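[1] Provide a 3D model corresponding to the input given below.
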Amino acid sequence: MASDEPNVRIGDVSGSTFAIGSHARAESHHHGVPAQRDEAAEELLKAVRELRADLSGGRVRQSEQTAELDAALADTEEEINRIGAAGAGRLQRLRELLTDAQALTALLASAGTVAGLLGM
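    Prediction:
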């Protein structure tokens, strides 16, 4: 006896979102696996986070220069988290901002750490 019922097979659905039925609703909340980072990227990420904390912790008078540095640090942190490393262009931008903020680099140990990791 042949069946008129459709044959449905579902394989591996990890990382997928789907809904079945006439009133079904699918909602996705995927959280990506953190990118693999080498030791140098981990060290830079830690130093970037420390400098961002120092910049926002009331130890430094806020200015356009510190806001620009913090934004570049945030972008660097995001890039390391997303792909596991910071690109050459991003690192060069940080070098430029830290060079422009030499008084800050001398004042905050965390800025000196980031500068050292950037080869300055």
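
[2] longest single helix anywhere in the protein?
    Scanning the chain for the helix with the most residues, using DSSP state H, yields helix 64-83.

[3] who touches that one?
    Contact with helix 64-83 is made by 34-35, 37, 41, 44-45, 48-49, 51-52, 55-56, 60, 85-87, 90-91, 93-94, 97-98, 100-101, 104, 114, as judged by C-beta atoms under 8 Å, 6 or more residues apart in numbering. For the C-beta atoms, the positions are set from N, CA and C on the backbone; glycine is no exception.

[4] hmm, 10 Å instead?
    32, 34-37, 41-42, 44-45, 47-52, 54-56, 60, 62-63, 85-87, 90-91, 93-94, 96-98, 100-101, 103-104, 111, 114 (C-beta atoms under 10 Å, 6 or more residues apart in numbering).

[5] now the buried members of those residues.
    Buried members of the contacts of helix 64-83, counted by 16 or more other C-beta atoms under 10 Å: 37, 41, 44-45, 47-52, 54-55, 60, 85-86, 90-91, 93-94, 97-98, 101, 104, 111, 114.

[6] low-scoring stretches of the chain, by residue?
    1-3, 6, 8-21, 24, 26-35, 105-106 (pLDDT under 70).

[7] this completes my enquiry, with thanks.
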